[in-house]
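S.K.: Make a model of this:
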Amino acid sequence: MAETLPLSPPTVPGRLETIQTSPLTLFDPAHNPQAVEQVLQSLSHLYPNTQWKVYFFCQKDKDKTRMLQILRSSSVTKEVIILEESDLPSLRNLIANAYPNPTLVLGSFRIYPFLKSP
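M.R.: Residues are numbered from 1 along each chain as shown. Take a look at the predicted model:
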């Protein structure tokens with residue numbers, strides 16, 4: 001008889017991906033208002049009573065104003081920092097300075113290589 005293994009939920013790289021554990025840093029490529037709302041809702045369930053320092057990068061063709069409204073009005077966010085293209089090369093240093101706050105990096109997959117590089 002074949003052994004039955006428990007199923008684990010599928011994971012998508014970048015979807016609330018843990019980048020580092022100290023300080024806790026997550027990344028999600030949410031780049032529209034609905035995705036930002038979903039990320040915040042997920043965080044409130046996964047990490048109740050936790051407020052996040054959010055680094056937010058947005059491509060020019062996205063609804064930046066609405067996404068910032070959602071982020072700034074959420075009880076999940078402690079602080080929202082808007083990243084510009086020129087900030088990306090130093091993103092890992094910015095996150096290191098966020099300690100001890102849990103950190104969420106939101107935006108395009110465009111920023112992912114800057115998070116994952118050594």
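S.K.: check contacts around residue 37.
M.R.: Neighbour list for residue 37: residue 70 [criterion: Cβ atoms under 8 Å, 6 or more residues apart in numbering]. In this view, the C-beta of every residue, glycine as well, is placed from N, C-alpha and C.
S.K.: doesn't it fall inside a strand?
M.R.: No - assessed with DSSP: H, G, I helix; E, B strand; the rest coil, residue 37 is helix; it does not lie in a strand.
S.K.: Tell me how far it lies from residue 43.
M.R.: According to Cβ to Cβ, to the nearest Å, residue 37 stands 11 Å off from residue 43.
S.K.: cool, and residue 106?
M.R.: On the measure of Cβ to Cβ, residue 106 and residue 43 end up 11 Å apart.
S.K.: Which of those two has more residues huddled nearby?
M.R.: For residue 106 versus residue 43, the count of surrounding residues by other Cβ atoms under 10 Å is larger for residue 106: 26 against 22.
S.K.: I'd guessed the more buried one sits against residue 26; true?
M.R.: No - using Cβ atoms under 8 Å, residue 106 is not in contact with residue 26; the gap is 9.1 Å.
S.K.: Okay then, goodbye and thanks.
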